[in-house]
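1. Below are the sequence and a predicted model for it; my questions follow.
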Amino acid sequence: MKITWNVVVLCYIGLILFYDQQCLVKCNAQDYGDDAAAAAPPPPELENCNGVYISYNFQGRDKIYPHVKNASAQAYSFTSTLNVMNAGAVEVKGWQIHVGFQYNELLVSTDGAIVVGGTTMPMQVGKNGTVFTGYPMTDLKTAIETAGDYTQIQVQVNIKGTMFGLKKGTPMPKSIKLLNDGYKCPVARAKGSDMSVCCMRDPKFKGKVIKTKFLPRQNGDLSLVYDVLQASTNKYLAQVTIDNINPLGRLDHWNLTWQWMRNEFIYAMRGAYTHKRDPYDCVYGPQGQYYQDFDFSTVMSCDKNPIISDLPPEKRDDDKIGKLPFCCRNGTILPTVMNETKARTIFQLEVFKLPPDNQNRTALTPPQNWQITGVLNPTYKCGPPIRVDPTEFPDPSGLDSTTAAIASWQVTCNITRPKPKESKCCVSYSAYYADSVVPCNTCACGCDQTSRCDANAQALPLPPEALLVPFVNRTAKTKAWAHIKGNKLPLKMPCPDNCGVSINWHIDSDYKNGWTARMTLFNWGENIFEEWFAAVQLKKAFPGYEKVYSFNGTKIPQLNNIIFMEGLPGLKYLMGEVNGTHPDSDPRIPGKQQSVISFTKKHTPHLDIAAGDGFPTKVIFNGEECALPTRLPKRSSGVPRSTLNLLPAIFITIITTFLLLTDRSH
């Protein structure tokens, strides 16, 4: 076939155009590259943020089993991301973000952060939200000191969980905000599935000048310090120090738990022990795979969430597990107002590490999610461990020098006020001018078997003798008393209070120059409370306090008008409940102690005792705030005003105390 010049010229022109087009594409790619296509402009809020920028992105949800008709009970799995970026000029140490979840979310996993005061996953966060803190990246440095290194100034938290309800719409949190001191957060902006806020430093905030390398030690009700005393490549020796700082805080038979984050295990302990000594998790876990020739039968704990308790006093001088100062008191940590030396406890543990941490002796990571509880004590909410300057100890040789820990972390715990129906003790009111007792509130300490009783009904008035018998034996007395007083009984009786300890506050007398009250403690449990204490707050009557006769009483005005009471020598034990004289027919008898408290009206002449001025506004037993009645005793018809003087009240108390002691001796 003969090819003409016209065809050749056309082919040549086509090749040139094709080459130019390819060159144009390639040149453009070289000049601007993929970065131009990938680099999305930052949101306007971030561009103008000179603080900490927080964003929450809801990525989606899926309906999961079981499928139910009730829309509010239908479960959905969801995923979301929380981004935190330090766009300011000040480093943010120990960042904490509150996310206001509101759909009964159940968190299944979080990557890049942990929940403050949380437990192991899955974890219910309820409708009031939760607080996230960084792990393993706890601090957000500035772009200035890192030359704009996003890996050091920004954290992304991937959240996966389950939520309930909201058939339509996007289930967004109520709010997101930074909780660190010195920052103010406006209302977050929400649009569709995105929410963002820029938290700025408060110009009026005057923070403490930090002269240390790490964060200063924090103040709280309870301080726990994790000190690394010795370190080698694959293990280290740590010491845990628990200090009770709150003058009215307390722990009895404490149980401490935390979560190991890097497969560590406790080889041995001194001054404390773990409840579970099962090598199974180590033998069949990553610990056994790495330490293949290790004898795990002698290991103290392989549990990821060990439960640790104090040793009993008889182990204090044991050469293997004792011989530590402030240890071995059976889990009792007293407030400083009672005994400063018993307000601290110490124990030590030898911890083995796994790769990659066991290749570097400085690769030290404290456990997370610390929680501590007692038998009948306040509820403590603990924050995350924060790195502090190493603790200094006196030189063991006795020289005038100090020895520092290799590394130290502090966990601060604060007392939370009991929510309604979640107390552990309660108070009843009575008075000389009223023949009925106002008992503890219905379900003051929780409810069970509510199908048989009314959890929302008001507690019924009781005859005074009913306070001496367990609640299960009060029904007949309550019904008989209602019949005598002409009170109408509800169709469904109120539920019991379910409290292990109850306190009766009785107005004993009211005369021209003073008045008296009698406080009685009842222990309805089997545990004996050693070195118990009670604290009573009286706002108006406090200046007139004179004396407690069968207890040790101390006025503490700096604690908001508190009268602090504890047992006298020989009466420091509040005994537990025991069987009656005839166990088959008599109800069980609670452990009890009581005392008369005298007041003068010299500085409070206008007190109206019957109107409520003589009743406490707060009662605390062993650190736990007790539930108070919602009403006061009513004056009974025909009951005259008291003309009792102080001497008969004291005499009655002495006789009562003598009878109690005689009863216990038998």
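-> That came through, no problem. Residues are numbered from 1 along each chain as shown.
2. mind checking the SS state of the residue nearest the centre of the chain?
-> In the chain, the residue lying closest to the centroid (C-alpha atoms, centre = their mean) is residue 381, at 1.7 Å. Using DSSP: H, G, I helix; E, B strand; the rest coil, the structure places residue 381 in strand.
3. Which residues are in contact with it?
-> 117, 413-414, 416 (C-beta atoms under 8 Å, 6 or more residues apart in numbering). For glycine as for every other residue, the C-beta is placed from the backbone atoms N, C-alpha and C.
4. and the gap between it and residue 152?
-> According to C-beta to C-beta, to the nearest Å, residue 381 stands 30 Å off from residue 152.
5. Send over the strand or helix carrying residue 481 as PDB, restricted to the C-alpha atoms.
-> Residue 481 is part of helix 475-485 when elements are defined by DSSP states H and E. Output of helix 475-485 as PDB, limited to C-alpha atoms (Å, rounded to 0.1, in the frame of the first residue of the first chain):
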ATOM      1  CA  THR A 475     -44.100  -4.500 109.000                       C
ATOM      2  CA  ALA A 476     -46.400  -5.600 111.800                       C
ATOM      3  CA  LYS A 477     -45.300  -2.800 114.100                       C
ATOM      4  CA  THR A 478     -45.700  -0.200 111.300                       C
ATOM      5  CA  LYS A 479     -49.200  -1.400 110.400                       C
ATOM      6  CA  ALA A 480     -50.300  -1.600 114.100                       C
ATOM      7  CA  TRP A 481     -48.900   1.900 114.700                       C
ATOM      8  CA  ALA A 482     -50.800   3.300 111.700                       C
ATOM      9  CA  HIS A 483     -53.900   1.800 113.000                       C
ATOM     10  CA  ILE A 484     -53.400   3.400 116.500                       C
ATOM     11  CA  LYS A 485     -52.600   6.800 115.000                       C
END
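6. tell me what that helix is packed against?
-> For helix 475-485, there is no helix or strand it packs on, judged by 3 or more C-beta pairs under 8 Å, 6 or more residues apart in numbering; DSSP states H and E.
7. buried stuff in that helix?
-> For helix 475-485, a neighbour-count test (16 or more other C-beta atoms under 10 Å) marks 478, 481-482 as buried.
8. With stretch 175-193 instead?
-> Those would be 175-179, 182-183, 185, 188, 190, for stretch 175-193 by 16+ other C-beta under 10 Å.
9. same deal with stretch 145-165?
-> 152-155, 157, 159-164.
10. residues in contact with residue 323?
-> Here residue 323 is in contact with 270, 316-317 (C-beta under 8 Å, 6+ apart).
11. C-alpha coordinates for stretch 509-524, CSV please?
-> The C-alpha trace of stretch 509-524 is given here as CSV (Å, rounded to 0.1, in the frame of the first residue of the first chain):
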residue,chain,number,x,y,z
SER,A,509,-34.9,18.2,125.7
ASP,A,510,-35.4,21.9,125.1
TYR,A,511,-35.3,24.4,127.9
LYS,A,512,-34.6,28.1,128.4
ASN,A,513,-30.8,28.0,128.6
GLY,A,514,-30.1,25.0,126.4
TRP,A,515,-31.1,21.8,124.8
THR,A,516,-29.9,18.2,124.4
ALA,A,517,-29.9,15.6,121.7
ARG,A,518,-29.1,11.9,121.7
MET,A,519,-27.4,10.2,118.8
THR,A,520,-27.6,6.4,118.4
LEU,A,521,-25.6,4.3,116.0
PHE,A,522,-27.0,1.0,114.6
ASN,A,523,-24.9,-1.5,112.8
TRP,A,524,-27.1,-3.9,110.7
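12. Low-confidence regions, the stretch 1-150 of the chain specifically.
-> 1-42 (pLDDT under 70).
13. For it, which segments are assigned as strands?
-> 52-63, 75-86, 96-99, 105-111, 113-115, 123-126, 130-134 (DSSP state E, counting those that start in this stretch).
14. Include distance to residue 564 when you put these into TSV, please.
-> Supplementary listing: the strands of the stretch 1-150 of the chain in TSV, determined by distance: least, C-beta to C-beta, whole Å:
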stretch	distance to residue 564
strand 52-63	43
strand 75-86	44
strand 96-99	34
strand 105-111	41
strand 113-115	36
strand 123-126	35
strand 130-134	33
